[in-house]
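Enquirer: A predicted structure for the sequence below; I have some questions about it.
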Amino acid sequence: MKPKRRAPKKRRARKKASNGGHDADLRKHLIELLRSRGAHADFDEAIEGLPEELRGARVKDVPFTTWRLLEHLRLGQWDILEFSRNGKHKSPKWPEGYWPDGDAPPNSAAWDASVAAFRRDLVEMEKLVRDPSKDLFAPIPHGQGQTLLREALLVADHNSYHVGQLILLRRLLGAWK
């Protein structure tokens, strides 16, 4: 009598994510969008080499300066980031809480601090998007239906819009390549 052979164990197929396994791709594309990679200049290119004396310069019929745009970018991005990760966050009053008081930075250190804060908050938003434990499609618990996906797209859209304005303003000031 031949010994009975055991049937080979069936390998279980890896369980795919409910989104068809595209979660990592979506996160990668969101990071690229947040970084403005692809179709146009990014934040760093828009501010690189701007002479200090032009940071508060006005152009006729343009309601903002490069300083005001930089601070608006920083404040808007910070607000969206904090809303995305902190249920106790209170947004500034609109519109005055999203724009600086003056046309020019008080000094070069204020400009540098604003640039650094913008970059730091962008990295923090990227960390949220990269975190696989964060469901991009789940409503933010303290929101009104907003999702992390929506907030990341909002940051990318807002930044892209105002980076374009920075570049246009630099052209009008004669300070663009």
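Expert: Yep, that arrived. Numbering: from 1, shown residues only.

Enquirer: poorly predicted segments of the chain, please.
Expert: Along the chain, the parts satisfying pLDDT under 70 run over 1-21.

Enquirer: list the buried residues for stretch 107-120?
Expert: When burial is assessed from 16 or more other C-beta atoms under 10 Å, stretch 107-120 yields the following buried residues: 110-111, 114-115, 117-118. Just so you know, the C-beta spots here come from the backbone N, C-alpha and C atoms, and that holds for glycine as well.

Enquirer: ditto for stretch 83-96
Expert: 83-85.

Enquirer: how far out from the middle of the chain is it?
Expert: 15 Å (C-alpha atoms, centre = their mean, to the nearest Å).

Enquirer: which parts of the protein are helices?
Expert: 23-34, 43-47, 66-85, 108-130, 148-172 (DSSP state H).

Enquirer: what's next to the second one, contact-wise?
Expert: To tie it back to what came earlier, the one meant is helix 43-47. 36, 66, 70, 73, 115, 118-119, 122, 159, 163, 166-167, 170 (C-beta atoms under 8 Å, 6 or more residues apart in numbering).

Enquirer: thinking again about what came up before, adding distance to residue 52, write the buried residues of stretch 83-96 out as JSON lines.
Expert: Converted to JSON lines, the buried residues of stretch 83-96 look like this (distance: C-beta to C-beta, whole Å):
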{"residue": "83", "distance to residue 52": "33"}
{"residue": "84", "distance to residue 52": "33"}
{"residue": "85", "distance to residue 52": "34"}
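
Enquirer: of all these, which comes closest to residue 42?
Expert: residue 84 (21.0 Å; C-beta to C-beta).

Enquirer: how near is the closest residue to that closest one other than its chain neighbours to residue 158?
Expert: Among residues not flanking residue 84 along the chain, residue 151 sits closest, at 4.5 Å (C-beta to C-beta, 6 or more residues apart in numbering). Separation of residue 151 from residue 158 (C-beta to C-beta, to the nearest Å): 10 Å.

Enquirer: hey, what's in contact with both of the two?
Expert: With C-beta under 8 Å, 6+ apart as the test, residue 151 and residue 158 both reach residue 80.

Enquirer: for the two, indicate the residue with more neighbours.
Expert: residue 151 (21 against 16; other C-beta atoms under 10 Å).

Enquirer: contact partners for that one?
Expert: If you count contacts by C-beta under 8 Å, 6+ apart, residue 151 has them with 80, 83-84, 125, 140.

Enquirer: what of residue 126?
Expert: Going by C-beta under 8 Å, 6+ apart, residue 126 touches 31, 34-35.

Enquirer: equivalent analysis for residue 146, please.
Expert: Taking C-beta under 8 Å, 6+ apart as the test, what residue 146 contacts is 83, 139-140.

Enquirer: I'd guessed residue 130 sits against residue 27; true?
Expert: Yes. Residue 130 is within contact range of residue 27, at 5.9 Å (criterion: C-beta atoms under 8 Å).
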